[in-house]
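> Could you look at this predicted model? Sequence included:
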Amino acid sequence: MANQENYDSAVGSSEAPAEFDYEQKGIVHRIQHTLHTTPSLVPLVVLLAAIAIFGVLLGGRFFSGPTLTLILQQVQIVGILAAAQSLVILTAGIDLSVGAIAVFSSVIMGQFSFRYGIPPALSVAAGLAVGTGIGALSGWLVSKVKLPPFIVTLGMWQSVLAANYLYSRNETIRSQDIREQAAFLGFMGNRFEIGGAVITFGVVAMILIVVVLAYCLRSTAWGRHVYAVGDDAEAAELAGVNRHGTIMSVYMLTGFICAVAGWVMIGRLGSVSPSASTGVVGNIQSITAVVIGGISLFGGRGSIWGAFFGALIVGTFELGLRMAGANAQWTLLLIGVLIIAAVAVDQWIRKVSL
């Protein structure tokens, strides 16, 4: 009997750690599953935490309607470029030309109106078409010629920037000329007021793009094909997905959205300049917003909402630290930490899910 009791106690003691390990594994799995199915959850929590912290530090100044809408106005261009960048990254690619396409499209819109006398509405349409065409060329090189997206878009970035300066002759169209002769070019900069908060049509365009893309990626066959190609292109083809058509549509839509960002840029800056900093900075900031937003750089996982929250996080830090009187370099430091942390979380999710 004593031996039996000792055996039972030994078995009981050996089962306890196993049960504990199982419970721990279950908790980790639930967290991983939640983050996997809702990738925009982490950037949303970070965004709300940042708003709360700056709200406590700055008081009513930060929670005012004008301040919060100012964040939206500051990130409207980057937010649109981040939405475009997200589409390419979801297919396991990357687009280094988004900022250059935006600037060149804005130059096309301005030059068509002032150099050729084309009505502003048609000039905007021409700029949108040019952006879409550049995206189509990149998509064809990636899909048909099988060139790496990084190399294709790096070359496209340089080519588009060169074409931008050559075509524009490095001329800047002033805001006064736009207001007097082609007001429609600056339409996205027009403002309206809602409950004391001032909103521009550029902000409305950004939100509409995010909402429409989020719906298409979640609820349409095209969206499922985008995720499938990014997750495993060969398996997607075996399952009947048109890989070439999907990639072409993604790059063309990316070019179109970048051209919309160019139109918003005219409204935001009030002028058309071939040397707009968005051409270079936009590439970095769009990738930053996407990475912070939880979209996997390996493709196949992520949410447009995450990229949108990522852009808002950057804007919140920039404005909050500026209002607090902090050195601007703290913004770069915090964003750098967030980028590394976001990639680490993505790697952890992928590792645990194996």
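Perfect, I can see it now.
> low pLDDT regions in this structure?
Residues of the chain meeting the criterion pLDDT under 70: 1-26, 28-29, 31-37, 39, 277-281, 350-354.
> what about the spatially most central residue of it, distance to residue 120?
Geometric centre of the chain, nearest residue: residue 82, 2.1 Å, by CA atoms, centre = their mean. Going from residue 82 to residue 120 by CB to CB, to the nearest Å gives 27 Å. Bear in mind the C-beta positions are built from the backbone N, C-alpha and C, glycine included.
> cool, and residue 330?
41 Å.
> Tell me which of the two has more neighbours.
residue 120 (20 against 14; other CB atoms under 10 Å).
> what's the residue nearest to the more buried one when sequence neighbours are not counted in contact with, if anything?
Spatial nearest neighbour of residue 120, excluding adjacent residues (CB to CB, 6 or more residues apart in numbering): residue 184 at 3.7 Å. Applying CB atoms under 8 Å, 6 or more residues apart in numbering to residue 184 gives the contacts 120, 121, 124.
> I'd assumed residue 182 was in contact with residue 267.
No - counting by CB atoms under 8 Å, residue 267 does not reach residue 182; the two are 12.0 Å apart.
> Looking at these two, which is more packed in?
residue 182 (25 against 22).
> I'd guessed the more buried one sits against residue 113; true?
Yes - Residue 182 is in contact with residue 113 according to CB under 8 Å; the separation is 4.4 Å.
> Identify the contacts common to these two.
Counting by CB under 8 Å, 6+ apart, the residues touching both residue 182 and residue 113 are 120, 123.
> So which residues of the protein form strands?
191-194, 197-200 (DSSP state E).
> Grab the nearest non-local neighbour of residue 233.
Per CB to CB, 6+ apart, closest to residue 233 is residue 243, 5.6 Å.
> Count the residues that sit near the one you found.
There are 16 residues near residue 243, going by other CB under 10 Å.
> From residue 255, how far off is it?
Taking CB to CB, one finds residue 243 at 19 Å from residue 255.
> And for residue 115?
22 Å.
> So which of the two has more stuff around it?
Counted by other CB under 10 Å, residue 115 and residue 255 do not tie: residue 255 has more neighbours, with 30 against 14.
> contacting residues around that one?
Counting by CB under 8 Å, 6+ apart, residue 255 makes contact with 84, 101, 131, 132, 133, 134, 135, 136, 138.
> Who wins on neighbours among those?
Neighbour counts for these, by other CB under 10 Å, peak at residue 101, which reaches 37 neighbours.
> List the residues that contact that one.
By CB under 8 Å, 6+ apart, the residues touching residue 101 are 131, 134, 135, 160, 255, 258, 259, 262.
> Residue 286 versus that one, what's the distance?
11 Å.
> try residue 331
Relative to residue 286, residue 331 is positioned 17 Å away (CB to CB).
> Among the two, which residue is more densely surrounded?
Per other CB under 10 Å, whichever of residue 331 and residue 286 has more neighbours is residue 286, with 33 against 17.
> If we only consider the contacts of residue 184, which is nearest to residue 228?
Of all the contacts of residue 184, residue 228 sits closest to residue 124, with 34.2 Å by CB to CB.
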